[in-house]
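Trainee: Sequence and predicted structure are below.
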Amino acid sequence: MSSPRLAVVGIHGHGTNHVRTALELTRAGRAELCAVVDPREPDPDHPAHGAGTPWYPTLGDLLSADDAVRPDVVVLCTPIPTHLPLARAAMEAGMDVLLEKPTTASLAELTELVAVTERTGRYCQVGFQTFGSHALPAVSELVARGEIGDVVGFGAVGTWVRDAAYWARAPWAGRRRLDGRDVVDGVVTNPLAHAVATALRIGGVTRAEDVAWVDTDLYRANPIEADDTSSVRVTAADGTRYGFGLTLCAAERTRARVLVLGTAGEIELFYESDRLVLRSDRLTLDKTYGRTSLLEDLLEVRADDDPQRRLLCDVRDTGAFMRVLEAVRTGPDPRPMPDELVTWVGEGDARHPVVSDVADWCEQVARRQQTFSELGAPWTR
């Protein structure tokens, strides 16, 4: 069989990484990068330009091209409001899709996207890269063995820094809506979305129906519409609670962590590096695991004759995360932080806010599964 042909749509920013991955697969003879798509043509320094890859300004232009450049798989790394229409167009044209997170801009759009996959019979993998981490099944095994006793809750802590340049990177950055369409580009739903989705996935909460309730408590220190410092509590259908303390306004960037809290110990997963740390009454473990590329997984599932084999991050398995996004989307606008609790650091594009003691409050949210307001954080008073 000939190698599957790939196209990357949205090739600047994070999309550049997808182009590099596609070129690596091409050099290994496992795929062929047949086209790149972006309104802005790749400049001479872009890897696609150096490889001589054909460029098209829109997906429509690519779909109307001759069969020589018609892809089998499309990687979509485009603005959030375009995810549904572009994924739908690709699948209706007979192509499988790797779609960057967040899956769509609303829960209703997710429902429509799942319907498209079922109607067309195409695959749609969503780019929560952590779902390919070999540490996730390791966590599940340790919990099943009772290494931390009974699980009493899950949490995630993300204390990152984003400067003015980050919020100026695109017209939709930091927006809740743009030109009448949902965007929902805040800390919970985009930069630290992996923290939310990974914790839920470890707890076995993947489908929308696995979530009973979502409580949100959203704030912003930056002059944006969306949230940059938030606490979220998810209550699963089985009653298990998940607490997420997330900010882009920390004094320094730390490694994001998922916590599994038990009666006899706890597990920390530093999901960016696939490092697992277990501390219990009888055992200490610190181990770093490998990771399967979601694009490679998609290619392997396409080629596999086993109809029971599933994608590592099938679009249906992002329903629980989308319940969280929906709560953020439909909830009240984030409240501004009091000026006296925010210190601005840096100049120009590097300028960014630091919220007093925000890392400590995010830790409490994760460990106690309570919101900032319930804990009495000073900016909530």
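Mentor: Looks like it arrived, so ask away. Quick caveat: nothing in here was measured; it's all calculated off a predicted structure.

Trainee: What ranges in the chain fall below the confidence cut-off?
Mentor: Low-confidence segments of the chain, defined by pLDDT under 70, are located at 1.

Trainee: make it 90
Mentor: Filtered on pLDDT under 90, the chain yields the residue ranges 1-2, 13, 43, 48-52, 65-69, 170, 281-283, 304-309, 381.

Trainee: quick one, helices of it?
Mentor: Per DSSP state H, the chain carries helices over the ranges 15-27, 47-50, 59-63, 83-92, 107-120, 135-144, 164-167, 193-202, 294-303, 319-330, 358-368, 372-375.

Trainee: what's the spacing between Gly203 and Tyr242?
Mentor: Gly203 sits 7 Å away from Tyr242, taking CB to CB, to the nearest Å as the criterion. The C-beta positions use only the backbone N, C-alpha and C, and glycine is treated the same way.

Trainee: thinking again about what came up before, packed most tightly, which of the helices of the chain would that be?
Mentor: Counting by mean count of other CB atoms under 10 Å, helix 193-202 has the highest mean neighbour count of the helices of the chain, with a mean of 26.

Trainee: With just CA atoms, put that helix into PDB.
Mentor: In PDB, the C-alpha atoms belonging to helix 193-202 read as follows (Å, rounded to 0.1, in the frame of the first residue of the first chain):
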ATOM      1  CA  ALA A 193      -7.100  22.600  28.800                       C
ATOM      2  CA  HIS A 194      -4.800  19.600  29.100                       C
ATOM      3  CA  ALA A 195      -4.900  19.800  32.800                       C
ATOM      4  CA  VAL A 196      -8.600  19.500  32.800                       C
ATOM      5  CA  ALA A 197      -9.000  16.800  30.200                       C
ATOM      6  CA  THR A 198      -6.100  14.700  31.600                       C
ATOM      7  CA  ALA A 199      -7.400  14.600  35.100                       C
ATOM      8  CA  LEU A 200     -10.900  13.700  33.900                       C
ATOM      9  CA  ARG A 201      -9.400  11.000  31.600                       C
ATOM     10  CA  ILE A 202      -7.400   9.500  34.500                       C
END
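
Trainee: please renumber so the chain begins at 43
Mentor: Sure thing, new numbering starts at 43, so read that last one as helix 235-244.

Trainee: Show me what it is packed up against.
Mentor: Under the contact criterion of 3 or more CB pairs under 8 Å, 6 or more residues apart in numbering; DSSP states H and E, helix 235-244 touches helix 177-186, strand 193-201, strand 283-289, strand 299-304, helix 361-372.

Trainee: 10 Å instead?
Mentor: helix 177-186, strand 193-201, strand 271-278, strand 283-289, strand 299-304, strand 307-312, helix 361-372 (3 or more CB pairs under 10 Å, 6 or more residues apart in numbering; DSSP states H and E).

Trainee: Include distance to Ala90 when you put these into CSV, please.
Mentor: Shown next, in CSV, are the helices and strands packed on helix 235-244 (distance: least, CB to CB, whole Å):
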stretch, distance to Ala90
helix 177-186, 32
strand 193-201, 32
strand 271-278, 36
strand 283-289, 33
strand 299-304, 34
strand 307-312, 32
helix 361-372, 30
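
Trainee: For Ala107, find the nearest of these.
Mentor: Minimum separation from Ala107 across the helices and strands packed on helix 235-244 (CB to CB) falls at helix 361-372, 32.9 Å.

Trainee: relative to strand 283-289, how tilted is the closest one?
Mentor: What separates the directions of helix 361-372 and strand 283-289 is an angle of 60 degrees, with axes from the mean of the first three to the mean of the last three CA atoms, to 10 degrees.

Trainee: Determine the set of other helices and strands touching helix 361-372.
Mentor: Using 3+ CB pairs under 10 Å, 6+ apart as the contact definition, the elements that helix 361-372 packs against are helix 149-162, strand 223-224, helix 235-244, strand 253-262, strand 271-278, strand 283-289.

Trainee: contacting residues around stretch 317-331?
Mentor: Residues outside stretch 317-331 that contact it (CB atoms under 10 Å, 6 or more residues apart in numbering): 175-181, 184-185, 187-191, 297, 299-300, 302, 304-312, 315-316.

Trainee: mind listing what's buried in that stretch?
Mentor: Going by neighbour count (16 or more other CB atoms under 10 Å), the buried part of stretch 317-331 is Arg317, Leu318, Leu320, Ser322, Tyr331.

Trainee: Between which two of these is the distance greatest?
Mentor: The largest distance within the buried residues of stretch 317-331, taken as CB to CB, falls between Ser322 and Tyr331 and amounts to 18.6 Å.

Trainee: thinking again about what came up before, which among the buried residues of stretch 317-331 gets closest to Asp221?
Mentor: For the buried residues of stretch 317-331, the nearest to Asp221 is Arg317 (41.2 Å; CB to CB).

Trainee: quick one on the thing from earlier: quick check on the contacts of stretch 317-331: which are buried?
Mentor: Among these, those that count as buried by neighbour count (16+ other CB under 10 Å) are 175, 177-178, 180-181, 184-185, 189-190, 299-300, 302, 304, 307-312, 316.

Trainee: what about Gly245 and Tyr284, which has more around it?
Mentor: Under the criterion of other CB atoms under 10 Å, the comparison of Gly245 against Tyr284 puts Tyr284 first, with 27 against 24.

Trainee: which residues does the more buried one bridge with?
Mentor: Residues found in beta-bridge contact with Tyr284 (criterion: DSSP bridges) are Phe196, Val276.

Trainee: what touches both of Gly245 and Tyr284?
Mentor: Counting by CB under 10 Å, 6+ apart, the shared contacts of Gly245 and Tyr284 are Gly195, Phe196, Val276, Ala278, Val300, Ala362.

Trainee: The third one: what's it in contact with?
Mentor: By CB under 10 Å, 6+ apart, Val276 lies in contact with 196, 238, 241-242, 245, 247, 252-258, 282-286, 362-363, 365-366, 369, 411.
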